[in-house]
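[1] Only the shape, not the letters, is given here:
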């Protein structure tokens, strides 16, 4: 299991999400609140877009813990982004801590993160790979269920590198979950898969909260929308609210609530996706497989 | 704060101390039991002696967490030692996580580890350095209180690189604590220093349990002595006991009890040193400054 | 010895200096042309300013070789800067390869790099440190001559954290060289020091080309000024020239010529400083000690 | 391309092969003599056997350059081995520098290293994998041709984890080369493959010198056999010779001659394997595909 967050909206200093909130992602790297095991110390990654330079994201990843990384600290204090992915990793037992296994995974203009585990993944890996077109098969660099799910997602897109809208991204993400379910079931695996996946092309972000088990809650996932997310010099961070019918200008989706103010956060319901569109509209949709 | 252990005795597989016990040092790297903050993920180090090759120890250190390090895992499964130091680090706030700051520190045939903190160290660092002979001044590679305490210890030895027995090592260690106390007091520092120091020359090991505060308990420290420390294939580890008047053949001194059997472990009393002599006799002595 | 470059001018993609030129800094990390030993594989660092966020620079450093670093590659392809320092390191024998020893060194709004060596540095280190005010003494994190020279420079500034102009920065840099010379001479050191230092506060950059030996050439140093430094899609990079009396808009100072076109580059004369002012005027001044 | 060496014989200090010879493997990590590109700075690995503890080797690998690694330096000065593999890597373009790609690769009691390149490997990777039994398919951790060749070798063994003698190891190694050739040819690849592979089970070592191109010399490979390989305190290293009919007690196989004495070294002929048996007999055999 891991912890992640996504941000879309007005340019925001990375430190305002990663370092300053009382339950910032860095805090979650060693003292996560909403999972039994508080430690996510097996590397980290951040990725953001600089659209006037390149449609592909700028990704920075490391196998060392996030909490002591001076490069991340420095970068976060000097960089603003309007579309950000960030992830702190807790490697599943047996998964190597090496750079190829650190999230977010990136390919072309897409980024992907995972919080969870595909049950019995080693038993379906070969079948998953066999289903891939060569161009996606060749992309795989590491050994994680998470990266393989990303490649499966890309393989599921109808026009992978052409026009892709939010509906198509959501469809491919749900198809990815369906395929994983089918193969794990066929392999006789009875444990539950936890599939909180996040994907973006720099314009639209889709995040799932999903557990394959009947009546089992998915891993925690929250979102926050408002006029602006702001951290005051004293350290207090807050999402400035919008009126009910007003358009939000900032949307955060995160494994854990970053702030203590409960009015800032709404849980994503179990077995749903949340889609954040380019105009920052947000929709919640049930996952029907 | 950190966690450490020392071993002296019959050749023992490193894994039997680092990996196999229920509360092994690796376990303590992410789930320490006897300190409030369970995480010691800012690097690790091990050092042991191969006396038929060299009187100086073989030291392996890394800034990455111990729990995921494959080199350590491999080495521990294939190496036996009769005199071992091992340490997992939790960097004090502001202390950099870099290789020069990882324990054990080694110089010539000595190794040194620290669990604790010298209060207000940055205010006494210059004075400490000014007290050093050039040869010790020049040894300093990093910025920690721990390494500076080591160098102060070496500077306090009467014949640093000649004949040094257990009594002289203990005397220099106590003098080191006394100097640190004097300087921090002179600098007006009112916080307590925690000085669990461990030093060895490959023959004798001296470890202190010390807190400068009146009536304040030092950080946890335990020892275990017996005929043999053994881990069974099933994973259960145990110190085989000796009769009251029998000579032990294995001595462990550790920040935390490695096993759940309370008869295996004796706490080192507050403000005492424990000395493990070459014949594996053990003495406990009050620290009088 | 090492290789470095500085850039000041119109916002430029980092990759256009670090990766694309035929003799880019990354190229120099493993195949430097203008020094006998072609390898600069002991870590690297880059630093640039984001003035609308913070007057202190954004610094990214690593102990791994520059040529294989994916984070640097990604960052350089997505980041533009108008004031940049970049450095690839060849550790002097005995100097540890750890993060505290990687250039550029940064403090407050200043950055500092060094290509060269202070002769017999270990013999003057203590004297150098003894000359420092406490606030600068406490800044030292590593063991290199280069970082110590930086701290000496800061200690030499009349108003270190107030108003500092180019003349004052140059004065302090020359005083730094003079002090190092005096102390090495007093210590009986007869080898030559090589002091190509670069310093900036984000507004003005001063770089020295200096060797303490009578008639001995300093390490290579070149500059290039023009309307714009541009890399074409095909890979060819070029400094677009300005008329003699026209104001340049881009200035590079570098250990080695990045391009093969000799008209792009002018050597900095031996024992001179080059100052690049905020309006991109450039002056060359003889170093008189 | 890379550089490697193997050792079999009387227990020898690792430093006597890795550090002390004039053209030691560490020297070859930045100044290789017998290949056009002198740099092998993309990580390193060593592996040796401790048969009284475990039939599987002790492997230590790192993605950082060998020349500055203090752990390796320390370990090499304190460890003796009678069967050793050591490798310094120059990553092929496009191959990631991450821990899963560093040699020697190890599985069960086998170790494997490669100096060379399988031409057009990305075009045959999928076919290679499809040929594997599940248990070997699942072993793959990284992306290199070298690791895949190792897995193919294991898959080619008749009784992979039972009794394997030198003849069978050689047969499987030659079959590995034959399969790679067949698949690259079928994929229409016209470049030459260079297949200097080394494999050992801790008892027998087989090393190939092979290039798939008609009349093209394989990458350099030499061996040295004698009574004892010794490094004198002054630094001079030498293989003490045996009489023609005397049994050697030390055998080195290496990409480059470690010493300047030409009588110490014999080239392995092109398109041959060299087998070093447990009794240190050596045979050279032509590779017939």
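    Good, I have the coordinates. Remember, predicted model here, so these are calculated numbers, not experimental data.

[2] Get me the contact residues on chain A for chain B.
    A:30, A:39, A:41-42, A:63-65, A:67-68, A:70, A:91, A:96-97 (Cβ under 8 Å from any Cβ of the partner chain). The C-beta positions use only the backbone N, C-alpha and C, and glycine is treated the same way.

[3] Buried ones only from the residues you listed, please, as a ChimeraX command.
    Per 16 or more other Cβ atoms under 10 Å in any protein chain shown, the buried members of these correspond to this ChimeraX selection:
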select /A:30,39,41,42,63,64,65,67,68,91,96,97
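
[4] which of the residues of chain A next to chain B sit farthest apart?
    A:70 and A:96 (24.4 Å; Cβ to Cβ).

[5] Phi first, then psi, for the residue of the stretch 101-250 of chain A found nearest chain B.
    Nearest residue of the stretch 101-250 of chain A to chain B: residue A:101, at 10.8 Å (Cβ to the nearest Cβ). In terms of degrees, to the nearest 10, the main-chain angles of residue A:101 are phi -100, psi 10.

[6] Could you do residue A:284 as well?
    Torsion angles, degrees, to the nearest 10, at residue A:284: phi -110, psi 130.

[7] Confirm for me that residue A:261 is in contact with residue A:240.
    No. With contact defined as Cβ atoms under 8 Å, residue A:261 does not count as touching residue A:240 (11.1 Å).

[8] and residue A:271, how many residues sit next to it?
    Residue A:271: 19 surrounding residues under other Cβ atoms under 10 Å in any protein chain shown.

[9] Spatially nearest residue to it (excluding sequence neighbours)?
    Nearest non-adjacent residue to residue A:271, counting by Cβ to Cβ, 6 or more residues apart in numbering or on different chains: residue A:287, 4.8 Å away.

[10] And the helices in the stretch 51-200 of chain A, which stretches?
    A:70-76, A:125-130, A:134-137, A:145-156, A:166-186 (DSSP state H, counting those that start in this stretch).

[11] closest one to residue C:46 among those?
    For the helices of the stretch 51-200 of chain A, proximity to residue C:46 was assessed by Cβ to Cβ; helix A:70-76 is nearest, at 10.3 Å.

[12] Now do the closest one, average pLDDT.
    The average pLDDT for helix A:70-76 rounds to 97.

[13] Equivalent analysis for stretch A:201-208, please.
    98.

[14] gap between that stretch and the chain center?
    The chain centre lies 9 Å from the centre of stretch A:201-208; the measure is Cα atoms, centre = their mean, to the nearest Å.

[15] Say whether chain C is contacted by that stretch.
    No. Applying Cβ under 8 Å from any Cβ, one finds stretch A:201-208 separated from chain C by no less than 11.9 Å.

[16] Residue A:131: neighbouring residues, count only.
    Considering only other Cβ under 10 Å, residue A:131 is surrounded by 14 other residues.

[17] In contact with it, which residues?
    Residues counted as contacts of residue A:131 (Cβ atoms under 8 Å, 6 or more residues apart in numbering or on different chains) are A:152, A:155, A:179.

[18] got the residues of the stretch 151-289 of chain A near chain D?
    Close to chain D, as judged by Cβ under 8 Å from any Cβ, the stretch 151-289 of chain A has no residues.

[19] wait, what's in contact with the closest residue to chain C within the stretch 151-289 of chain A?
    In the stretch 151-289 of chain A, the residue that lies nearest chain C is residue A:202 (11.9 Å; Cβ to the nearest Cβ). By Cβ under 8 Å, 6+ apart, the contact list for residue A:202 reads A:49, A:51, A:55, A:57, A:83, A:109.

[20] Between those residues, which sits nearest residue D:12?
    Scanning these for proximity to residue D:12, where the rule is Cβ to Cβ, the winner is residue A:57, at 50.1 Å.

[21] out of everything not next to it in sequence, what's closest to that closest one?
    residue A:47 is the one closest to residue A:57 (Cβ to Cβ, 6+ apart), at 4.4 Å.

[22] quick one: residue A:140 and residue A:146 touch, right?
    No. The criterion here is Cβ under 8 Å, and residue A:140 misses it with residue A:146 at 11.4 Å.

[23] Mind giving me the packing neighbours of the helix or strand containing residue A:8?
    Assigned by DSSP states H and E, residue A:8 belongs to strand A:2-13. Of the remaining helices and strands, those touching strand A:2-13 by 3 or more Cβ pairs under 8 Å, 6 or more residues apart in numbering or on different chains; DSSP states H and E are helix A:25-31, strand A:80-89, strand A:110-117, strand A:194-200, strand A:205-209, strand A:228-231, strand A:250-254.

[24] To residue C:206, which of these lies closest?
    Taking the helices and strands packed on strand A:2-13 one by one with Cβ to Cβ, strand A:80-89 is closest: 30.1 Å.

[25] quick one: that closest one to strand A:205-209, angle?
    With axes from the mean of the first three to the mean of the last three Cα atoms, to 10 degrees applied, the angle from strand A:80-89 to strand A:205-209 works out at 30 degrees.

[26] Strand A:80-89 near chain C at all?
    Yes. Using Cβ under 8 Å from any Cβ, strand A:80-89 comes into contact with chain C via residue A:80.

[27] Next, the angle from that strand to strand A:194-200.
    Using the same axes, to 10 degrees: strand A:80-89 against strand A:194-200 is 150 degrees.

[28] Are strand A:80-89 and chain D in contact anywhere?
    No. Strand A:80-89 stays clear of chain D (Cβ under 8 Å from any Cβ), getting no nearer than 14.6 Å.

[29] Distance from that strand to the middle of the chain?
    The answer for strand A:80-89 is 9 Å, by Cα atoms, centre = their mean.

[30] Show me what it packs onto, helices and strands only.
    strand A:2-13, helix A:15-18, helix A:25-31, strand A:44-50, strand A:110-117, strand A:194-200.

[31] Give me the contacts around the last one.
    What that stands for is strand A:194-200. Residues contacting strand A:194-200 (Cβ under 8 Å, 6+ apart): A:1, A:4, A:6, A:8, A:83, A:85, A:104, A:110-118, A:149-150, A:153, A:169, A:173, A:176-177, A:180, A:205-212, A:218-219, A:221, A:253, A:255.

[32] Next: the shortest one.
    Taking Cβ under 8 Å, 6+ apart as the criterion, the residues outside helix A:15-18 that touch it are A:5, A:7, A:24-26, A:46, A:66, A:72, A:76-77, A:84, A:86, A:229-231, A:237, A:252, A:258.

[33] between residue A:140 and residue A:146, who's got more neighbours?
    Neighbour count, other Cβ under 10 Å: between residue A:140 and residue A:146, residue A:146 has more, with 28 against 19.

[34] what's the neighbour count on the residue nearest to residue A:57?
    Residue A:47: 27 neighbours (other Cβ under 10 Å).
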